[in-house]
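> quick one: sequence and predicted model below, then my questions.
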Amino acid sequence: MYPGAYDPAGPAVVTADGNTTLTYGELEENSLRLADHLRASGMRKGDHLALLSDNDPRVFEVYWAALRSGLYLTAVNHHLTAEEAAYIVRDCGAKALIVSGALSELGARVKELVPEVEHRLDFADGTYDAALRAASPAPPAVQPRGADMLYSSGTTGRPKGIEPTLPDGDVRTDPSTYQLLFQPMYGFGTDTVYLCPAPLYHAAPLRFCGVITATGGTVVLMNSFDPQGALAAIERHRVTHSQWVPTMFVRMLKLPDAVRERYDTSSMKVAIHAAAPCPVEVKRRMMDWWGPVLYEYYAATEGNGITFIGPEEWLRKPGSVGRAGLLGELRICDGAGKPLPPGETGVVYFERDELPFRYHGDLGRTREAQHPGHPNWTTTGDIGHADEDGYLFLTDRKAFMIISGGVNIYPQEIEDCLVLHPAVADVAVIGVPDEEMGESVLAVVQPAQEGDAGPELGAELIAYVRARMAHYKVPRQVRFVSELGVPLTNGEPGDK
C-alpha cells in the first residue's frame, strides 16, 4: 500500500515531543507535489536524489516522492564533514539535493563543493515550500517504484554506495520486499505506533519507517536517542512497536531502577533489534524488564539475506540471531570458499537466485563480496557458525579480527563483556601492533564519569575481563576517551 490509501486525517508521523504531526493526507499530497516538481526538473526513473536531513518528518515526503518516481534516494549521514558528505553526493550522481533547515549551512557548503548538482531545495529558506506550491498534487498515471541507495563505510577506504536493482511495478499496487517480509512478521498495520529512536540516514530506521507509512501506522520520531526520553515516548504515545540497537538497551538498563520503574512500557508488543549482536546478559535483562517482546534479525544494508529469531526461540538458543530462508539460504564457508559443516566458524554468505545488489561504480568491491565459485552467494564479511538446526551465531567481522600469537580473537565478545561494567559508557576493542605477538588487544573506553578515568579503573576493567574470559582475550591496555573518537588521555591509564 501507499500513504494515499489511508485516512487523510490520520497521523503518519509525529515527533516524540508531540509538537509536530504529519498526517497521511499531507504526506500523500506533498510527496505527489514533490514528485511532480522533480519530474518537471527533468528527473527520470533511475536518477539519484540526495537528502541531507536530521529526523524531520518531511523526510518521508522526500522518501515517498522518490519511491513513486522510480528514483534512487541517498540519505547522507549529517555528522560527516562537508567534504565527506560532498563525496557521497558526487559519487551517487545526484541531480538534486534536499536539505533540512537544521543543516542549511552544511548543505550550502556541499552544494559549493558539488556544483554539478542541478537542483537544491531547503526546508528552511522557502525553496522547498515554494516548489511544492508550484507543483501539481494530481497522481500521475504511472508511479514506478524507486529504492534507497545508501552508503556503507565498510572498514577501509571511501564509503561505498549499495545499489539495488530497481524493482518492477507501481508503488500503489506492488509492495516492497521489506513490506512483504516485515508486515506479517511483526504485525504492522493501522493500529501500529512505532518508535524510531535512531537517525534516518541509517538503512533500518529509514526502511522500517517506510514500511510503517506503507501500512497505515504512526511513526513516533525522536530527533536523537536519549534513554529516559525513549521511555517517556513509549509511555506518552502508547508505543506498540519499536526498533533498537544493543547499545540503546545497555544505556536504558544503566538508568537507576527508580527512573526505569517510573515509565509504563506495557503497551510494547514488539521490540525489534539488530545492527550488532546483542550480549546474552543484556537481552535477558531486557526481557526480564519488558517481557518476551524482543525480536531480533540479522541483515545488512546490502539486503543480500536475513535471519529472524523470536523471543521464545531465543530462550532456547541464547546468543543466536536466528535462521534464514525467507530471503536467501545461509552458507558458512572457509577462507577458500569451501562450505563448512554445522558448528564450524567461517564467513557468512547468503545464497540468492540472482545478485541482489552491486557497489555503485565499483566492480572490484562487488566481486569481493561474491563467493569465488558461486557469484550469487554474497557476504558482507561477517564471521559465524550455524548449529545443527540452522541457527546462526555471529562471532565478529572478518576485518575486525585480531590475530595475537597466531590465535584469532574477536573483539565483539570482549566489548560485550566490558559494556556491562557500570563504569563503562561505551567501548571499542581493537588490535594494535605488538613486536612479540604480532597484535595485542587494546580496549578504548568511554567512562560513565570522566573523572573515573585513570590507572585504577584501567586495572579494574582488565581484572573484570580476566575473571570472565580466557586470558589470551584480556586487553593488555585500556585507553580512555571522552567519547569514542575523542582522546581523553594518552593511553597510559590501565597499561599493563
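It's in. This one's a predicted model, so the numbers in the text were calculated from it and none came from an experiment. Numbers count the residues shown, from 1 in each chain.
> now stretch 232-240: buried residues?
By neighbour count on 16 or more other C-beta atoms under 10 Å, the buried set for stretch 232-240 is 233, 234, 237, 239, 240. C-beta coordinates here come from the backbone N, C-alpha and C atoms, glycine included.
> from those residues, pick the one nearest residue 220.
Of all the buried residues of stretch 232-240, the one sitting nearest residue 220 is residue 237; the distance, using C-beta to C-beta, is 4.8 Å.
> for the closest one, what are its contacts?
The contact partners of residue 237, taken as C-beta atoms under 8 Å, 6 or more residues apart in numbering, are 14, 16, 18, 193, 195, 218, 220.
> ditto for residue 407
When contacts are counted by C-beta under 8 Å, 6+ apart, residue 407 touches residue 472.
> now swap in residue 329 and tell me
305, 350, 351.
> number of residues surrounding the first one?
Under the neighbour criterion other C-beta atoms under 10 Å, residue 305 is assigned a count of 26.
> what's opposite the residue nearest to it when sequence neighbours are not counted in the beta bridge?
Of all residues not flanking residue 305 in the chain, residue 350 sits nearest, at 2.6 Å (C-beta to C-beta, 6 or more residues apart in numbering). Here residue 350 sits in beta bridges with residue 330, residue 378, going by DSSP bridges.
> just checking, residue 350 touches residue 330?
Yes - judged on C-beta atoms under 8 Å, residue 350 makes contact with residue 330 at a distance of 6.3 Å.
> verify the stated contact: residue 298 with residue 320.
No - the pair residue 298 and residue 320 fails to qualify as a contact (C-beta under 8 Å) at a distance of 9.3 Å.
> which neighbours do those two share?
Common neighbours of residue 298 and residue 320, using C-beta under 8 Å, 6+ apart, are residue 392.
> among the buried residues of stretch 232-240, name the ones in helices.
Counting by DSSP state H, the buried residues of stretch 232-240 place 233, 234, 237 in helices.
> ok, of the residues you listed, which one's closest to residue 169?
Nearest to residue 169, judged by C-beta to C-beta, of these is residue 237 at 33.1 Å.
> mean confidence score for stretch 209-223?
Stretch 209-223 comes out with an average pLDDT of 97.
> kindly report the same for stretch 284-304.
For stretch 284-304, mean pLDDT is 94.
> can you check stretch 358-378 too?
Averaging pLDDT along stretch 358-378 gives 91.
> so where is this protein shaky, pLDDT-wise?
Residue ranges of the chain with pLDDT under 70: 153-157, 396-399, 405-406, 485-496.
> using the three-state scheme, assign residue 348.
With DSSP: H, G, I helix; E, B strand; the rest coil as the basis, the three-state label of residue 348 is strand.
> before we move on, the earlier item: neighbour-wise, give me the winner out of the contacts of residue 237.
Tallying neighbours with other C-beta under 10 Å puts residue 220 at the head of those, with 28 neighbours.
> my hunch is that that residue is in a strand, does that hold up?
Yes - counting by three-state DSSP, residue 220 is part of a strand.
> how much space separates it from residue 412?
30 Å (C-beta to C-beta, to the nearest Å).
> surely residue 31 meets residue 3?
Yes - at 6.8 Å, residue 31 counts as touching residue 3 under the criterion of C-beta under 8 Å.
> now for those two: what residues contact both?
Counting by C-beta under 8 Å, 6+ apart, the contacts common to residue 31 and residue 3 are residue 64.
> of all the contacts of residue 329, which comes closest to residue 99?
residue 305 (34.1 Å).
> can you classify the nearest residue to residue 29 once chain neighbours are set aside as helix, strand or coil?
In space, and not counting its chain neighbours, residue 29 is closest to residue 137: 4.7 Å by C-beta to C-beta, 6+ apart. Applying three-state DSSP to residue 137 yields a three-state assignment of coil.
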